[in-house]
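Colleague: A structural model of the following input is requested.
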Amino acid sequence: MTDLTIRAARSKDAAAIARLSKELNEVVNDSTEHCTPENIKATLFYHDTSFHVLVAEKADGEVIGYAVWHAFYDSGHGGAGAWLAEVCVGRHGRGAGAGRALFEAVVEDVKDSPATFMMWTSSETDAAEGLYESSGGYSKGVKRWELNGL
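Modeller: Numbers count the residues shown, from 1 in each chain. Purely as a prediction, here's the structure:
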């Protein structure tokens with residue numbers, strides 16, 4: 001996609017991120033109840049700056065994707081790392097390189113941070129797995145655990 005800009009997200013992007021996160025959660029059969037502009041503003045754009053949010057924007061200003069990452073500690077790596085929480089491209093933006101552009105922008109952000117590695121989980125879609133494998137990532141057998149309602 002030649003007319004695509006990756007930039008830091010702003011609170012005015014909350015409605016677009018909410019729409020895209022709802023699409024993502026519908027695809028992976030996860031809850032969509034929190035996919036609202038109000039919740040996105042309250043969680044991703046609150047005064048806490050621990051979340052790093054990027055958006056993929058077309059030349060006409062339409063936000064077609066986003067990525068979220070944050071720092072964490074892992075004793076197995078002996079220090080700071082980055083957790084890629086989500087990369088999401090909406091159905092109308094898929095297939096044109098927006099996912100790869102977002103992923104590569106996150107990698108560049110992480111390189112500019114104290115983190116020395118990055119981890120993530122992935123929905124098992126061919127597109128996601130192809131992107132991550134072609135970027136040099138590799139899969140480790142892990143289970144995803146959740147503790148909700150805290």
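
Colleague: tell me what the helix or strand where Ile40 lies is packed against?
Modeller: Ile40 belongs to helix 37-44 when assigned by DSSP states H and E. Applying 3 or more CB pairs under 8 Å, 6 or more residues apart in numbering; DSSP states H and E, we find helix 37-44 packed against helix 14-27, strand 51-58. Where C-beta positions appear, they are placed from N, C-alpha and C, glycine not excepted.

Colleague: mind doing that once more with 7 Å?
Modeller: Counting contacts by 3 or more CB pairs under 7 Å, 6 or more residues apart in numbering; DSSP states H and E, helix 37-44 is packed against helix 14-27.

Colleague: got the angle for the helix it packs on vs helix 37-44?
Modeller: Here helix 14-27 runs at an angle of 90 degrees relative to helix 37-44 (axes from the mean of the first three to the mean of the last three CA atoms, to 10 degrees).

Colleague: so which bits of helix 14-27 are buried?
Modeller: For helix 14-27, burial by neighbour count (16 or more other CB atoms under 10 Å) applies to Ala14, Ala16, Ile17, Ala18, Arg19, Leu20, Ser21, Lys22, Glu23, Leu24, Asn25.

Colleague: which residues sit against the helix holding Ile40?
Modeller: Where contact means CB atoms under 7 Å, 6 or more residues apart in numbering, the residues beyond helix 37-44 that reach it are Ser11, Ala14, Ala15, Ile17, Ala18, Phe51, Val53, Val68.

Colleague: alright, that wraps it up for me.
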